[in-house]
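Engineer: Have a look at this prediction, sequence included:
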Amino acid sequence: MAEGRLCNRDGLILTAMVLTEFSNVGVNTLVKSVTSKGLSPFVVLVYSYAFGSLILLPLAFFSFRSRSLPPLTSSVLYKMGLLGLIVSAAQIAGYNGIKYSSPTLSSAMSNVNPSFTFILAIIFR
């Protein structure tokens, strides 16, 4: 019985991964389409952040945690801001890259992310 639940959980994780890759390819194709018609990659980035916020913000109100969160210190806020800055710069670079190349190349390059993460994890322990 436990093996059935494990297999079901693995299938759910695999489905989520496949849907994530499909959405990544769809977004890359959409970005190429709108940037080739003249929309700035910066505007696309603002729209994507606004759309993501509208989807994720209501979920915060339906999250029921039984334990309290750790305190929000200035160090945590600094790290969150730095991470947001780095990710925004990476997305701007990625959207500009899609503007000048193809969404196929961008989707192929996104498969390199796990190897970069592994190399950085080894370097920084």
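Structural biologist: Looks like it came in fine.

Engineer: which other helices and strands contact the helix or strand hosting V76?
Structural biologist: Element membership of V76 [criterion: DSSP states H and E] is helix 74-100. If you count contacts as 3 or more C-beta pairs under 8 Å, 6 or more residues apart in numbering; DSSP states H and E, helix 74-100 packs onto helix 2-36, helix 41-61, helix 103-110. For glycine as for every other residue, the C-beta is placed from the backbone atoms N, C-alpha and C.

Engineer: The same query, at a cut-off of 6 Å, please.
Structural biologist: Secondary-structure packing of helix 74-100 (3 or more C-beta pairs under 6 Å, 6 or more residues apart in numbering; DSSP states H and E): helix 2-36, helix 41-61.

Engineer: relative to helix 74-100, how tilted is the last one?
Structural biologist: Comparing the axes of helix 41-61 and helix 74-100 via axes from the mean of the first three to the mean of the last three C-alpha atoms, to 10 degrees yields an angle of 140 degrees.

Engineer: Report the buried residues of helix 41-61.
Structural biologist: Neighbour-count burial for helix 41-61, with 16 or more other C-beta atoms under 10 Å as criterion, is recorded at P41, V44, L45.

Engineer: mind checking how far the closest residue in space to the last one that isn't next to it in sequence is from P70?
Structural biologist: If I follow you right, that is L45. Spatial nearest neighbour of L45, excluding adjacent residues (C-beta to C-beta, 6 or more residues apart in numbering): Q91 at 5.7 Å. In this view, Q91 and P70 are 28 Å apart by C-beta to C-beta, to the nearest Å.

Engineer: So for the two, which residue has more residues nearby?
Structural biologist: Neighbour totals were compared for Q91 and P70, and Q91 leads with 16 against 7 (other C-beta atoms under 10 Å).

Engineer: Tell me the spacing between that one and G38.
Structural biologist: Q91 is 19 Å from G38, by C-beta to C-beta.

Engineer: Repeat that for I92.
Structural biologist: With distances taken as C-beta to C-beta, I92 is found 17 Å from G38.

Engineer: Kindly report the same for I86.
Structural biologist: According to C-beta to C-beta, I86 and G38 sit 28 Å apart.
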